[in-house]
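>>> Dropping a prediction and its sequence here:
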Amino acid sequence: MSRKGKVLVAMSGGIDSTVTALMLHDEGYEVVGITMKTWDYASAGSSKKETGCCNLDSFNDARMAAVQHGFPHFVLDIREEFGDFVIDNFVDEYLAGRTPNPCVMCNTHIKWRALLKRADALNCDYIATGHYGNIHQHENRRYYISKGIDDTKDQSYVLWGLQQDLLSRTLLPLGKYRKTQIRQMANDYGYPELAKKSESYEICFVPDNDYRGFLKRKVDGLEEKVNGGNFIDKNGNILGAHKGYPFYTIGQRKGLDITFGKPVYVTGIDPDTNTVVLGDESDLEQSEMVVTKLNLMKYDTITPGMEAVTKIRYKDKGSLSNLYPVNNTISVRFYENAKSIAPGQSAVFYEGDDVIGGGIIQRKSILPNS
């Protein structure tokens with residue numbers, strides 16, 4: 001038994017997870033590799049060849065690295081569990097007029113839980129992934145994630161939903177490195193092909209990056225049910241017909257198939273009336289929002305008025321704000337208006353580089369005067 005303990009490493013066959021496994025192996029951990037199959041594209045009705053983490057080549061790459069370095073490797077099929085939750089949530093959110101983030105849902109509810117369950121079965125002390133982030137324990141004994149040192153790769157935003165029991169047993173060794181260093185490590189380990197391997201940023205179950213087509217294939221008769229709704233302005237005036245409210249997102253400018261001689265943006269979506277609100281770029285700005293389905297990390301409570309930098313999307317730099325807990329939600333007041341707040345997306349609260357917590361954007365809010 002290794003003095004550092006036994007760790008179950010999620011291996012997709014890509015550079016980050018492979019280097020994670022080999023790095024921990026070299027550090028003296030007893031490593032067990034596991035590759036999770038979450039999806040097959042044939043079931044989505046797509047003709048595109050499987051890419052990314054759910055194809056046979058990736059499974060073989062992960063297994064080969066394990067065999068070459070002398071540690072066991074398993075494949076775990078979680079397609080049924082993944083589909084029941086992540087994909088159903090993805091479809092339901094769009095049908096509710098919101099914009100989901102399936103990677104957050106998968107990390108929070110499926111991948112980590114599946115890893116921990118298998119880790120317990122294999123008597124592993126820890127689980128590890130190739131995400132770029134760092135895990136710390138506060139003096140209050142709570143575990144929390146902080147940003148990885150490589151700003152271009154930091155993934156703390158998509159990990160806000162991990163709960164304390166998961167964080168306490170998770171290792172994220174890549175958070176202390178830059179991507180360039182990881183590529184060099186892959187070369188040093190004898191895997192130059194991994195260092196050159198392209199990375200996929202698509203949703204794994206939408207291989208052609210066409211979520212509208214995916215929704216049409218998943219929901220029988222969807223196109224006929226929602227076609228012919230109205231574009232309206234903020235005053236309710238009808239501007240023209242659209243193709244169905246689920247096929248639009250807040251902040252969208254291109255692909256509207258309607259012209260006004262100036263740029264217009266989707267500023268609101270009402271599924272009950274099948275209407276899509278269009279407006280100017282300034283209409284996208286909001287000073288407040290409500291966040292629900294919370295998970296707190298660094299602290300177990302939020303002090304009313306706590307200052308935080310709030311990110312409302314993955315590539316968002318974040319905006320200075322005050323947080324106000326209200327009935328199991330948090331109302332966020334921005335110091336300066338935030339643009340394109342999309343219900344269904346994640347809001348993550350930071351104190352410096354540390355994740356205070358996060359949740360799902362519900363709507364813009366009107367806070368009582370204080």
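All right, it came through fine.

>>> mind checking the end-to-end distance for stretch 108-128?
14 Å (CA to CA, to the nearest Å).

>>> Would you state the predicted confidence (pLDDT) at residue 199?
Per-residue pLDDT puts residue 199 at 67.

>>> can you check residue 317 too?
pLDDT, read off for residue 317, is 92.

>>> Could you report the distance from it to residue 146?
17 Å (CB to CB, to the nearest Å). Where you see a C-beta, it was placed from the backbone N, CA and C, and this is true even at glycine.

>>> okay, those two: which has more neighbours?
residue 146 (21 against 7; other CB atoms under 10 Å).

>>> Surely that one is within a helix?
No: Residue 146 sits outside any helix when classified using DSSP: H, G, I helix; E, B strand; the rest coil, being strand.

>>> give me every residue that touches it.
133, 134, 135, 136, 156, 175, 352, 353, 354, 355 (CB atoms under 8 Å, 6 or more residues apart in numbering).

>>> Quick one: buried ones out of those?
Taking 16 or more other CB atoms under 10 Å as the criterion, what is buried in those is 133, 134, 135, 156, 175, 353, 354, 355.

>>> The first one contacts residue 170, doesn't it?
By that I understand residue 133. No: counting by CB atoms under 8 Å, residue 133 stays clear of residue 170, with 9.5 Å between them.

>>> how about the helices of this protein, start to end?
Assigned by DSSP state H, the helices in the chain fall at 15-26, 56-69, 79-82, 88-95, 102-105, 112-121, 164-167, 179-188, 192-196, 211-218, 222-226.

>>> how many neighbours does residue 39 have?
Residue 39 is flanked by 24 other residues according to other CB under 10 Å.

>>> Can you give me the pLDDT of it?
So, for residue 39, pLDDT stands at 72.

>>> ok, now the one 4 residues further on?
At residue 43 the predicted local confidence, pLDDT, stands at 54.

>>> do the one 4 residues further on as well
On the pLDDT scale, residue 47 is placed at 46.

>>> Narrow the contacts of residue 146 to those in strands?
Here DSSP state E is the test, and the contacts of residue 146 give 133, 134, 135, 136, 354, 355 as lying in strands.

>>> if we take the contacts of residue 146, which one ends up nearest to residue 243?
For the contacts of residue 146, the closest approach to residue 243 (CB to CB) belongs to residue 156, at 36.0 Å.

>>> quick one: pLDDT of that closest one?
96.

>>> which residues touch it?
Counted by CB under 8 Å, 6+ apart, residue 156 has contacts 133, 145, 146, 147, 148, 348, 353, 355.

>>> Kindly recompute the last result at 7 Å.
133, 145, 146, 147, 355 (CB atoms under 7 Å, 6 or more residues apart in numbering).

>>> Any idea what the third one is bridged to?
So the one you mean is residue 146. On the basis of DSSP bridges, residue 146 is bridged to residue 134, residue 354.

>>> Now do it, the pLDDT please.
For residue 146, the predicted pLDDT is 98.

>>> Distance to residue 16 added to the buried ones among the contacts of residue 146, as JSON lines?
Below are those laid out as JSON lines (distance: CB to CB, whole Å):
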{"residue": "133", "distance to residue 16": "12"}
{"residue": "134", "distance to residue 16": "15"}
{"residue": "135", "distance to residue 16": "16"}
{"residue": "156", "distance to residue 16": "15"}
{"residue": "175", "distance to residue 16": "11"}
{"residue": "353", "distance to residue 16": "20"}
{"residue": "354", "distance to residue 16": "22"}
{"residue": "355", "distance to residue 16": "20"}
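
>>> what's the closest of those to residue 218?
Nearest member of the buried ones among the contacts of residue 146 to residue 218, counting by CB to CB, is residue 156, at 30.5 Å.
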